[in-house]
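J.: Sequence and computational prediction follow.
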Amino acid sequence: MSADAPILIAPHATIPGVVTFTMNRPGALNSLNHAMSEAFTPSIQQVLADPTTRVMILQGAGDHFMAGGDIKGFGETLATPGAERRKHYYEMIGKLHAGVELIQRSDVITICKVRGACAGIGLSFAIGCDLTVASEDAYFTTAYKVIGLTPDGGQTFFLPRLVGVKKAMEMTLLSERINAQDAMQLGFLNRVVPGTDLDAVVDKMAAHIARSSPDSMKGIKRLLNQSMQSSFSEQLHAEQESFSSCAGTDNFAEGIRAFIEKRPPKFE
């Protein structure tokens, strides 16, 4: 893959089972242009096609995570009639949403690493990951209303579930900038750390998950993601199925033996 490609996929340099997914337009704050939108879902498919991948770290190149859609690119579509623009964006968003849905449905655990700007669909990507860690200089905004748009990338699904409907309304209707500490208080970040520690903190999380039983990790992700749409009885049954399935695996046996023998487990 070319170093100037809009999205870079690479195995982590030191942690087996971990892949980095880098949005690579640092000169434009990694804003989403046509090339990146076309590359997004195929890049997700590439990551998920490798059965050894346990964790994907989603990040932006340079000093910012992602500033949303590329306004210059939006401007280039204004010469076309409204009906054609509608078709263009309908198809573009559909392609992006296919990748977002793949991430949610996959067994791979996703960790978002945020520094600097996180706006628009960048915010959607960040809050849609399983874990999200930000540097102290990170800032967040929904941004859509500034240019007369509504959210995409699953933002209206994730945001009210994380912060409540009232706060989600405020964030999207007013589009005010939110700093990292406030984002942490609102509940859509897991941790806020100094910028110099961000890489190390995310790597430690990724390594911890990658060393864990994959049966446990994918089961936890699946159970929590389905819980918001399940009845209590349905969720109890899902927990019963998942627990017993894990208990029948070699990884469960290894975990029990390691605990009894007071040694670190070696999961497969």
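T.: Yep, it's here. Residues are numbered from 1 along each chain as shown.

J.: lowest-pLDDT helix or strand in this structure?
T.: Of all helical and strand segments in the chain, the minimum by mean pLDDT, DSSP states H and E falls on helix 71-76, at a mean of 93.

J.: List of residues touching that one?
T.: Helix 71-76 is contacted by residues Ala28, Ser31, Asn33, His34, Ile147 when judged by Cβ atoms under 8 Å, 6 or more residues apart in numbering. (Glycine included, C-beta is placed from N, CA and C.)

J.: can we see that at 7 Å?
T.: Defining contact as Cβ atoms under 7 Å, 6 or more residues apart in numbering, one finds that helix 71-76 is touched by Asn33, His34.

J.: Kindly report the same for stretch 221-240.
T.: Gln104, Asp107, Ile109, Asp130, Arg161, Ser242.

J.: Most neighbours of all these, which one?
T.: Greatest neighbour count in those, by other Cβ atoms under 10 Å, goes to Ile109: 24 neighbours.

J.: can you pull the contacts of it?
T.: The neighbours of Ile109, taking Cβ under 7 Å, 6+ apart as the test, are Arg54, Val55, Asp130, Ile209, Met217, Lys221.

J.: Please repeat the previous calculation with a cut-off of 10 Å.
T.: The contact partners of Ile109, by Cβ atoms under 10 Å, 6 or more residues apart in numbering, come to 18, 53-57, 129-131, 205-206, 209-210, 212, 214, 217-218, 220-221.

J.: Looking at those, which are in strands?
T.: When the contacts of Ile109 are checked against strands using DSSP state E, the ones located there are Val18, Val55, Met56, Ile57, Leu131.

J.: ok, how many other residues are close to the fourth one?
T.: So that's Ile57. 25.

J.: measure it to Tyr139 for me?
T.: Look at Ile57 and Tyr139: by Cβ to Cβ, to the nearest Å, they are 20 Å apart.

J.: before we move on, the earlier item: turn the ones in strands among the contacts of Ile109 into CSV, columns for pLDDT.
T.: Below are those laid out as CSV (pLDDT from 0 to 100):
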residue, pLDDT
Val18, 98
Val55, 98
Met56, 98
Ile57, 98
Leu131, 98
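
J.: All set, thanks.
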